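J.: When you get a sec, could you give me coordinates for this:
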Amino acid sequence: MKKPRGPLFWIPRILAILLIAFLALFSLDSFQPGLSAGEIALALLMHNIPVLVLIALLAVAWKWDLVGAVTFVGAGLLYIGLNIFNVFGTGLPWYLAISWSLSLAGPAIFVGALFYLNWAQHRRAPKTRETPVAPQL
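T.: Below is the predicted model:
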């Protein structure tokens, strides 16, 4: 008999799906007038590479919470690093790196933290073996 799964199991998974769907919305700018169907398809593929990678990693993280923790925290930190490099490399104001990072990296790191909390909770939980029940005569 499987154990019922609590909210700490479902919340990071649902939030990860919502975050991935939000990231996929950014690919809608591929639809521009004057582009051929092949150009639009290529643009959609290029925009959705991070989305496809996160979907694959979420599928693995569904079973192993530690993978989800490392994946989403790592994706958030990577996004922060890319923003800092981009902002300071172009001479834009420093506060843009913070505002851009909070919009996408913040939720990703939060989801990763929830995956970690779920992993830590199961790691601390005592392993109980179910004893078979003797048949009643």
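
J.: Near P33, how many residues? Count them for me, please.
T.: Neighbourhood size, P33 [other C-beta atoms under 10 Å]: 4. Where C-beta positions appear, they are placed from N, C-alpha and C, glycine not excepted.

J.: Kindly apply the preceding question to E39 instead.
T.: 12.

J.: Past the helix or strand containing it, which element shows up next along the chain?
T.: Using DSSP states H and E, E39 maps to helix 37-47. Next along the chain after helix 37-47, taking DSSP H and E as the criterion, comes helix 49-61.

J.: Output the contacting helices and strands for that following helix.
T.: With contacts taken as 3 or more C-beta pairs under 8 Å, 6 or more residues apart in numbering; DSSP states H and E, helix 49-61 sits against helix 7-25, helix 65-90.

J.: okay if I get those as a markdown table plus mean pLDDT, mean neighbour count and distance to L96?
T.: Compiled in a markdown table, the helices and strands packed on helix 49-61 are given as follows (pLDDT from 0 to 100; neighbours: other C-beta atoms under 10 Å; distance: least, C-beta to C-beta, whole Å):
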| stretch | mean pLDDT | mean neighbour count | distance to L96 |
| --- | --- | --- | --- |
| helix 7-25 | 89 | 16 | 19 |
| helix 65-90 | 87 | 17 | 5 |
